[in-house]
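Student: what shape does this take:
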Amino acid sequence: MRIFRSCWLLVVLLATAGCLPTDDDIDNELEQQLSSVAGLWTGTSPTLTMSFTLQENAGTSVSGTGSMRETAVGGPVPITVTGTYSRPTLSLTFTGMNFEGREVQGTFTGNYTTVGGISGPVHLTATGYTKDVNILLQEQ
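Tutor: The predicted model follows:
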C-alpha cells in the first residue's frame, strides 16, 4: 500500500509540474509587460501624488495628461506629460504642476526594468527655484 501511495504522489507531482510556468514563460511575460509604457500611471511620494495616462506616439515619443496633487494643499491640478521611452529608459516632462506655491515643471528619468515601478527624483524647476522630490512611478 505504501508503494502505491508513493507512486500516486509521484504521478500527481509530475502532472502538476507540467502546469507550472517555466523561467522562459516568466521572462516572456515580463518582457511583454515592460515593452510598452502606454496606459495609466500613478506617482506617489510623501509630498505629492500624480495620476496620468501615457500613450505611445511615433518613434520613441510618449505623451499624456493627468493630474497632480501636493499632499499639503487642496485639490488636484491638471498636468501634461511629454517624453520618450527607449527601453529601458523612460524620460518624462510634466508641465502645469504647482508645488510649494509656485508653478513648476518636473522632469523624471529612470529605467523601467521591473513591474514594481520606477523610483527616483522628479526634478522640479521654476525661475529661481529647484527641488528634487523622490517618487515611485507605477504602471497600473
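
Student: give me the neighbour count for the closest residue to residue 89 other than its chain neighbours.
Tutor: Leaving aside its sequence neighbours, residue 89 sits nearest to residue 111 (CB to CB, 6 or more residues apart in numbering; 5.8 Å). Backbone N, C-alpha and C define where each C-beta goes, glycine included. Other residues near residue 111 come to 11 when the count uses other CB atoms under 10 Å.

Student: now do the one 10 residues further on
Tutor: Other residues near residue 121 number 16, with proximity taken as other CB under 10 Å.

Student: residue ranges in the protein under the pLDDT threshold?
Tutor: Counting by pLDDT under 70, the chain contains low-confidence residues at 1-19, 23-34.

Student: quick one, helices of it?
Tutor: 2-17, 23-34 (DSSP state H).

Student: how close does residue 71 get to residue 99?
Tutor: Residue 71 sits 10 Å away from residue 99, going by CB to CB, to the nearest Å.

Student: go on, residue 84?
Tutor: Distance, residue 84 to residue 99, by CB to CB: 23 Å.

Student: quick one: which of these two has more around it?
Tutor: Legend: neighbour count by other CB under 10 Å for residue 84 and residue 99, higher for residue 99 (21 against 16).

Student: the more buried one bridge partners, please.
Tutor: Legend: beta-bridge partners of residue 99 under DSSP bridges are residue 102.

Student: tell me the contacts of it?
Tutor: When contacts are counted by CB atoms under 8 Å, 6 or more residues apart in numbering, residue 99 touches 47-48, 70, 124, 131, 133.

Student: again, only this time at 10 Å
Tutor: By CB atoms under 10 Å, 6 or more residues apart in numbering, the residues touching residue 99 are 47-48, 68, 70, 72-73, 77, 106, 122, 124, 126, 129, 131, 133.

Student: can you tell me how far residue 55 is from residue 101?
Tutor: Look at residue 55 and residue 101: by CB to CB, they are 31 Å apart.

Student: compare the two (neighbour count), which wins?
Tutor: Neighbours were counted for residue 55 and for residue 101 using other CB under 10 Å; residue 55 has more, 13 against 9.
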